[in-house]
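S.K.: With the input below, show me the fold.
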Amino acid sequence: MNLPPRRRTWLAGLALAAIPALALAAPATVWDGAYSEAQAKRGEAQYTAHCASCHGDNLAGADVAPPLAGGGFLSNWSGQSAGDLFTRIKTTMPQDNPGSLGSAAVADVEAYILSKNGFPAGSTELPRDASLLGQTKIVPDRPGA
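M.R.: Numbers count the residues shown, from 1 in each chain. Got it, this is the predicted structure:
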């Protein structure tokens with residue numbers, strides 16, 4: 001595209017101005033499609049490899065490992081953010097090697113956990129950044145329902 005320099009500068013400024021607006025467009029709750037189906041599928045493989053031995057194949061928890069699905073999970077995490085969950089997983093899991101999962105794997109596992117709790121998938125992936133995820137609240141009931 002061959003635009004005059006003044007027009008290119010204006011368009012570049014407009015594009016840069018849109019970046020903060022995109023960052024603010026994070027889902028308000030996990031009911032707003034905070035993860036993608038593909039991400040949850042990758043998360044299932046990560047969960048099986050790194051989490052299922054303690055939390056169980058069905059995410060029900062066992063012994064000291066808390067449940068990651070159902071009422072127990074929702075009562076533990078209700079009102080907290082997806083960023084809080086991301087940080088907990090990233091810094092304390094897996095129990096036998098805390099902090100060993102990269103941000104991509106943690107986001108994928110969290111997407112799988114959200115999917116198993118019945119929260120709907122959306123068109124974008126769960127971010128790999130706890131601060132962005134901090135804007136998305138975990139709430140047990142769909143707002144307005």
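S.K.: Heading C-terminal from the least confident helix or strand in the chain by mean pLDDT, find the next helix or strand.
M.R.: Within the chain, no helix or strand scores below helix 5-24, which has a mean of 51 by mean pLDDT, DSSP states H and E. For helix 5-24, the succeeding helix or strand toward the C-terminus, using DSSP states H and E, is helix 37-50.
S.K.: got the contact list for the helix or strand just after that following helix?
M.R.: Using DSSP H and E, the helix or strand that follows helix 37-50 in sequence is helix 52-55. For helix 52-55, contacts defined as Cβ atoms under 8 Å, 6 or more residues apart in numbering pick out 47, 61-63, 65-68, 94-95. Quick note: C-beta positions are derived from backbone N, CA and C, even for glycine.
S.K.: Give me the below-cutoff pLDDT ranges for this protein.
M.R.: Low-confidence segments of the chain, defined by pLDDT under 70: 1-25.
S.K.: center of it, which residue is that?
M.R.: By Cα atoms, centre = their mean, the mean C-alpha position of the chain lies nearest to Leu126, the distance being 4.1 Å.
S.K.: That residue sits in which helix or strand?
M.R.: Judged by DSSP H and E, Leu126 forms part of no helix or strand.
S.K.: Backbone dihedrals for it, please?
M.R.: phi -60, psi 130 (degrees, to the nearest 10).
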